[in-house]
Each structure stands twice: as structure tokens, then as C-alpha cells.
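> after the sequence you'll find the predicted model.
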Amino acid sequence: MESDDILSILIGQIREVVPEMIDHDIGAADSMAALGVDSVERSEILMNTLEILGLDLPMVQLHGPRNLGELALLLKAKCASA
Amino acid sequence: MPAPDIVFAGIGTACGLGYGKASLIDGLLAGRDVFASLARPGRQAPDGSTSFIGVEMPDPPELPPELVPKRVARTIGFGGRVALTVLHEAWDEAGLDKVAPDRIGLVVGGSNLFAREQVLMAQDYAGRLAFVPPRAGHVYLDSEICGLAASTFPIRGFAHTVGAASASGAVAVIQAAAAIRAGTVDACIALGAMQDVSYLDLLGMRALGAMGSARFADQPGRACRPFDRDHDGFLYGECCAALVLCRADQTGPGYGTLIGAAQVVDGQRGPEPDGDGQRRAITLALRQAGLGAGDIDVISAHATSTPKGDEVEAATLHGLGLDQAWVVATKSVIGHGLSAAGAIELAALLLQMRAGRLHATRNLEHPHEPVLRHVQGLPQTLAVRHGLKLSFGFGGTDTALVIRGAT
């Protein structure tokens, strides 16, 4: 799966968890914190994304990325090594 | 400084008769039959071995987005949505927007409130436990109702839960009143939270011999029959109610004044009723109210429809000389709300006192001994000066509340 596909999954999950963002433009340069996603919502978005990707890994391994694009790249790498 | 009088300034309710207190009083006086086979997911054993009957509510109305944003609404379970709905009704009626937030408290009555949702989650996540959502880490706690309420409404005094089994709603009222008398807050909400039971809870209560109905399995509407010789156990009913208690010097007469409130523990561990404990609670509450048995016009009995429970309670009332008071058994119409029972039945009593009409106890065809002054068949018109509400709970809690009518 390409990082763009993973980015689409992440954005879809953001809109699922925060329905107020259904019509909001969200892109690779955005961060969840800057979008106003709180910490529990962020965890749910990540958990849902991991399940879609079939990845079972500790949440702490997803710390570090500064925006959705970097997060998608990290998840792509995790998929490749899974 | 003398303790302030405490009045009931707002009521919100939800039960099988519908949402809102108008549906409650109308349904009670009409004696509507809302009993049926339980159909909400998680209420019947997955292997098809059960056929529990009782009362379930309609789905709650959508919470207004200006009150609860969509991102929050999607995370709220059934019991939480019902709690916010009844709280909204009571809040608006009591005009709590005019009270300083740090002078408002909340006592939620009930424990283990989300059992059905936990059973459903275990089923839903079987085989994919790694993906249990993070919110599951806090919404299983009963304090979820406190958090939801105080993040939706400006409650900034205090909020906590109290558990006393089927007396939880009444104990919440007692604790709310105590907080006002102590000067901690000026207004306090007592919320009898919905006991969202799972089939496991129902199986346990059936095994305990507390829950009916083997005798009327094919006639759900006849199964709940408090004080009737053919009673064979209580029937579960989804309920939730919020009562706003306020200092009398800061509001109008409301629905009436709480003039006596007593809670005792009788030493029973399980479901056994205890006449001595019941007598102590009633005697203490009447003494606090400065009343004698002859001053009570109506009693909203605990009246579960269990043979032993009804018989011990009837003997208690007879023994205290309360035979002249009219007796209503609200569970005969809305079922047994467990954690919410004390709160919604108190709400029902206040609504009946305001209406000047008492609802009939359904299915009371052959009252057992000692025969009390039951309201049978049709509603009874009565100008009530003083009402008595009784609630008892597993684990040996006995409560009695005395209300002076507003008119």
C-alpha cells in the first residue's frame, strides 16, 4: 500500500471520529493537534487505522511524526516490516 | 444558622412510557401496558435460552448539536444519552442557568451502570482485542455520567456517584439534600441513572429468585403485580430520572419540600428484605418531618412484586399504623428501574401530588394480607398534604423520604 493510500485512510478516520471535519480540507501537511483533534480522538483514529492496515503494534511506536504525511510514511514502513 | 428548606425545582424523566414527565404522569394515570419481551441487544442470552420480559424505552431523541457536538455525541452510550436527555429537561425547568456553576452539584445514583454495553463490546471485539478503542478505558466507569453531565452543563460544584442497589436513586436524593444543607452548594441534581442490565445480570437475578415471571411468561402485561397474591418476582424496566433540589429561599415552591429523609443499613447482605430496617427508616424520616403516621396521605411503596418483599413491606406499613394512607406501586406500570427506581418513583409521586391524582397499581386483583389502602382499578383523586416514598436495596439499604406538597 502506498503512503497516499494510508494518508486517505487517516483522513477518512479523522472525519469519522470528528464528524465536524466532514467538509474540511485535510492534507499531508496538517497535524492532528493543529486540526484540534484531542488525545483520545487521536488514539482512536490511530487504532482504527492500524486495524484497517492489519497492524498490531504498540501506540508508542507511532510517536514522532509531525504531520499526517510523515505519519503515513511511518505506517507504510511498519506495514513493510510487518 | 438553621438549615435551609429544600424544594424540588425540576424534574426530568425517561422510561417505557416515553421521554419527559408529561408522558410519565399521563401513562401512569392511564395505566398503560408497556411490558413486552426484552429486545435490546444484549438482553437475551445469545444461545436463545432466555425469554426475559420487562419494559424498554424508545430510543432517546437526538441530543441538540449546540448542546452536544457531533464528535462527542458519537461516543456516548445509551445510558449516557438518556441521562443527558433527562438532565436537560430538569435543568431547564429548574432554571439552573441562573445559578452560579460552582454552587451546583450532581449526585448520580447507581453502580455498574453499563453492564450491557460491556457484554456487547466483549462480543464485538472477540478475536480482535488489540483494537479495543481508547475510550473504553474510561467510559466503563460510572463516573462517565458525571463527566458527561459536567462537560455538557455548567456544573462546577462537585459530582460523584453513590451506589445502594435499588435504593441508589433515593440515596442520591438524600446525598444531594445533605450537600445543600451543609452549604456545599445551593442547588444539587440527584440523577437516578439507568441500570443498563445485560442478560448475565438478568440470569443472576432470576437465579436469585428475585425476578419474575414464570407464571405470566406469555402475558407480559400481567406479570408485574405488586401486592397481589399471584406476584412472583420483579420485572426489569429501563428508567432514568433527574430531580433538581434547591434551597427554598432561592426558588419557588416547585413540586414540594423534602421535610424528612432517612437512610439506614439493616445488616442484610443480599436481597432479603428487613422489616426492622424499614421501620427504622420510616420512623426516622417521620420524626425528622415532625409528623405522625396519620399525617401521611399517600405512600409510594418500594413494591417490587416479589412475594417476600411485598409481604414484608405491607407488614411494615401496617405495623406502623400507616393503613389509612393510599398506596401506589409505580413499578406495576414502568417496571423496576433498579438504580433509577427511587428517583423516577419519587418523580412520579411529586407529579401525582401536583396533579392531585394517584395512579392505580396495575394487576392488583387479589391484594394479599395485610391489605393496605391500595389504589385499584382507576386513579384516585386526592389533595395530598404529605407523601412518603420508600426505596430499599440489596445489601440492606432502607430509605424513606417525606414530602410536603407545594399547595
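Cool, got the structure.
> low-confidence stretches in the stretch 301-407 of chain B?
B:407 (pLDDT under 70).
> which residue does it bring closest to chain A?
Across the stretch 301-407 of chain B, the shortest distance to chain A (C-beta to the nearest C-beta) belongs to B:Ser339, at 26.4 Å. (Glycine included, C-beta is placed from N, CA and C.)
> list the contacts for that residue?
B:109-111, B:113, B:163, B:165-166, B:168-169, B:192-195 (C-beta atoms under 8 Å, 6 or more residues apart in numbering or on different chains).
> tell me how many other residues surround the residue lying closest to it once chain neighbours are set aside.
Distance criterion C-beta to C-beta, 6 or more residues apart in numbering or on different chains; nearest residue to B:Ser339, sequence neighbours excluded, is B:Gly110 at 2.9 Å. A count of neighbours around B:Gly110, defined by other C-beta atoms under 10 Å in any protein chain shown, yields 33.
> how about B:Gly110, what does it touch?
Here B:Gly110 is in contact with B:142, B:145, B:161, B:163, B:168-169, B:172, B:192-195, B:338-340 (C-beta under 8 Å, 6+ apart).
> is B:Ile174 in contact with B:Asp398, as I believe?
No: using C-beta atoms under 8 Å, B:Ile174 is not in contact with B:Asp398, being 11.7 Å away.
> which stretch of helix or strand covers the spatially most central residue of chain A?
Chain A has A:Leu10 as the residue nearest its centroid, 3.8 Å off, counting by C-alpha atoms, centre = their mean. Take DSSP states H and E as the rule and A:Leu10 turns out to sit in helix A:3-17.
> give me the contact list for that helix.
Helix A:3-17 is contacted by residues A:21-22, A:24, A:26, A:28, A:32, A:35, A:37, A:41, A:44-45, A:48-49, A:52-53, A:68-69, A:71-73, A:75-76, A:79, B:71, B:74 when judged by C-beta under 8 Å, 6+ apart.
> again, only this time at 7 Å
For helix A:3-17, the external contacting residues (C-beta atoms under 7 Å, 6 or more residues apart in numbering or on different chains) are A:21-22, A:26, A:28, A:32, A:35, A:37, A:41, A:44-45, A:48-49, A:52, A:68-69, A:71-73, A:75-76, B:71.
> list the buried residues of that helix.
By neighbour count on 16 or more other C-beta atoms under 10 Å in any protein chain shown, the buried set for helix A:3-17 is A:3, A:6-7, A:9-11, A:13-15, A:17.
> can you get me the centre-to-centre distance for that helix and its chain?
Relative to its parent chain, helix A:3-17 has a centroid offset of 6 Å by C-alpha atoms, centre = their mean, to the nearest Å.
> which residues of chain A lie near chain B?
Taking C-beta under 7 Å from any C-beta of the partner chain as the contact definition, chain A meets chain B at A:17-20, A:40, A:43-44, A:47, A:50-51, A:56.
> most widely separated two among those?
A:Glu20 and A:Asp56 (29.9 Å; C-beta to C-beta).
> what about the strands in the stretch 151-300 of chain B?
B:158-162, B:187-192, B:236-237, B:239-247, B:256-265, B:298-300 (DSSP state E, counting those that start in this stretch).
> quick one, which of those strands gets closest to B:Ala14.
strand B:239-247 (4.8 Å).
> what pLDDT, on average, does the closest one get?
The pLDDT scores in strand B:239-247 average 98.
> can I get that strand in PDB? Just the C-alpha atoms.
In PDB, the C-alpha atoms belonging to strand B:239-247 read as follows (Å, rounded to 0.1, in the frame of the first residue of the first chain):
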ATOM      1  CA  CYS B 239     -35.800   4.100  33.700                       C
ATOM      2  CA  CYS B 240     -33.800   7.300  34.400                       C
ATOM      3  CA  ALA B 241     -34.800  10.400  36.200                       C
ATOM      4  CA  ALA B 242     -33.200  13.700  37.400                       C
ATOM      5  CA  LEU B 243     -34.500  15.800  40.200                       C
ATOM      6  CA  VAL B 244     -33.200  19.200  40.900                       C
ATOM      7  CA  LEU B 245     -33.100  20.100  44.600                       C
ATOM      8  CA  CYS B 246     -32.800  23.800  45.500                       C
ATOM      9  CA  ARG B 247     -32.700  25.900  48.600                       C
END
